[in-house]
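Novice: Sharing a model prediction with you, sequence too.
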Amino acid sequence: MKFTKMQGLGNDYVYVNGFEEKIENPSELAVKVSDRHFGIGSDGLILINPSKVADFEMEMYNADGSRSEMCGNGIRCVAKYVYDYGLTDKTQISVETLGGIKYLDLTIDNGKAVRIKVDMGKPILEPAKIPVVSEGDIVLDEPILVDGTEYRMTAVSMGNPHTVVYMDDIEHLEIEKTGPKFENHERFPNRVNAEFVKVLDRHTVQMRVWERGSGETLACGTGACAVAVACILNGLTEDKVTVKLLGGDLLIEWDKEKDTVYMTGPAEVVFEGEWNQ
Ligand SMILES: N[C@H](CCC[C@H](N)C(=O)O)C(=O)O
């Protein structure tokens, strides 16, 4: 099986061209290729497939083999892949995901896609649709008891579930301990991606992410969108936010008129190879 290793702000996946390769058990393959010692090493596996309803389909798996609906850094890499490898010559493409069809705008430099703007769609705030267990119509700055400590969370789905928690010191947060407690908390029936956030000013925030099924990663595109939406709803920032992640910055804008979130950032190829197992 031929593969391409790509990354968006250090959030790295193994990409496989589903037009050419037939994968029997993608969930099992995701676990194997993701292993950083016995495999290729990645945060998961992404298959780029034909689609009946869009230009392409993205099929995404976490490092533990679980399937996710959406991946913000991944979808930018999918756009780079299909353009750079000549699967399309369009600079505006649509990609089907389990979180809906997304529309992408590619910036080309020297014949390669270098920057991609993604219309990530409308943020979902209704608790049952995220899903998060709550009595309210929206989970905004709501208390949650995690391992004996009370935190306040805002819950948002960007196709996949996120919970956003503010804290002053994210640098020293023991995310390996706290992350899994959020991920597997009983209030999240499908588990959750957890973002820990410090607001720097009204246009800039900093975050670390504990991803469902992959652990701490250097960046999370859907997470950055959920964070921006949470910050705007909580009155902490303006509608356009630079989100600083461990692997770099993403520009997120919630266009309230269109009620859609735009994410802009880079995508890069690391290497290509052949998987023989
Ligand atoms: N890193 C991805 C999100 C993966 C989400 C996945 N961990 C889930 O189970 O939803 C991103 O850039 O949006």
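Specialist: Done, it's in. This one's a predicted model, so the numbers in the text were calculated from it and none came from an experiment.

Novice: make it CA atoms for all contacts and neighbour counts henceforth
Specialist: Will do.

Novice: Now do the phi/psi pair for residue 198.
Specialist: Per-residue torsions, residue 198: phi -120, psi 130 (degrees, to the nearest 10).

Novice: and it, how many neighbours does it have?
Specialist: 19 (other Cα atoms under 10 Å).

Novice: how far away is it from the ligand?
Specialist: Going from residue 198 to the ligand by Cα to the nearest ligand atom, to the nearest Å gives 19 Å.

Novice: List the contacts of that residue.
Specialist: 166-170, 205-207 (Cα atoms under 8 Å, 6 or more residues apart in numbering).

Novice: Around the ligand, which positions in the stretch 101-250 of the chain sit nearby?
Specialist: 160, 211-214, 220-223 (Cα under 6 Å from any ligand atom).

Novice: who wins for neighbours among those residues?
Specialist: residue 223 (31 neighbours).

Novice: Next secondary structure after the helix or strand where it lies?
Specialist: Assigned by DSSP states H and E, residue 223 belongs to helix 221-233. Once the chain leaves helix 221-233, the next helix or strand it forms, by DSSP H and E, is strand 240-245.

Novice: What segments of the stretch 1-150 of the chain are helices?
Specialist: For the stretch 1-150 of the chain, applying DSSP state H, counting those that start in this stretch gives helices covering 26-34, 72-84.

Novice: closest one to the ligand among these?
Specialist: helix 72-84 (3.6 Å; Cα to the nearest ligand atom).

Novice: how much distance is there from the closest one to the middle of the chain?
Specialist: 13 Å (Cα atoms, centre = their mean, to the nearest Å).

Novice: Map the structural domains onto the sequence of this protein.
Specialist: Using automatic domain parsing, the domain parsing of the chain gives 2-119+265-274, 127-258.

Novice: could you dump these to a markdown table with mean pLDDT?
Specialist: Listed next are those as a markdown table, based on pLDDT from 0 to 100:
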| stretch | mean pLDDT |
| --- | --- |
| domain 2-119+265-274 | 98 |
| domain 127-258 | 98 |
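
Novice: follow-up on the earlier one: by how many degrees do the helix holding residue 223 and helix 72-84 diverge?
Specialist: Helix 221-233 and helix 72-84 are oriented at 130 degrees to each other (axes from the mean of the first three to the mean of the last three Cα atoms, to 10 degrees).

Novice: Only the buried residues of helix 221-233, if you could.
Specialist: Within helix 221-233, the residues scored as buried using 16 or more other Cα atoms under 10 Å are 221-232.

Novice: I'd guessed residue 43 sits against residue 211; true?
Specialist: No: the pair residue 43 and residue 211 does not pass the contact test of Cα atoms under 8 Å, sitting 9.4 Å apart.

Novice: intersection of neighbour lists for these two?
Specialist: residue 217.

Novice: For the contacts of residue 198, give me CSV that also has neighbour count, secondary structure and distance to residue 131.
Specialist: Compiled in CSV, those are given as follows (neighbours: other Cα atoms under 10 Å; DSSP: H, G, I helix; E, B strand; the rest coil; distance: Cα to Cα, whole Å):
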residue, neighbour count, secondary structure, distance to residue 131
166, 20, strand, 20
167, 14, coil, 23
168, 12, coil, 27
169, 10, coil, 28
170, 16, coil, 25
205, 22, strand, 25
206, 21, strand, 25
207, 25, strand, 22
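
Novice: list the contacts for residue 186?
Specialist: Residue 186 touches nothing, counting by Cα under 8 Å, 6+ apart.

Novice: Go again with 10 Å.
Specialist: Residues in contact with residue 186 (Cα atoms under 10 Å, 6 or more residues apart in numbering) are 132-133, 146.

Novice: export these to JSON lines and tack on neighbour count?
Specialist: Below are the contacts of residue 186 laid out as JSON lines (neighbours: other Cα atoms under 10 Å):
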{"residue": "132", "neighbour count": "26"}
{"residue": "133", "neighbour count": "14"}
{"residue": "146", "neighbour count": "13"}
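
Novice: Out of those residues, which is nearest to the ligand?
Specialist: Distances from the ligand to these, taken by Cα to the nearest ligand atom, are shortest for residue 132, at 13.9 Å.

Novice: That closest one contacts residue 188, correct?
Specialist: Yes: contact criterion Cα atoms under 10 Å: residue 132 and residue 188 qualify, at 4.8 Å.

Novice: which residues are in contact with both of these two?
Specialist: With Cα under 10 Å, 6+ apart, residue 132 and residue 188 have common neighbours 161-163.
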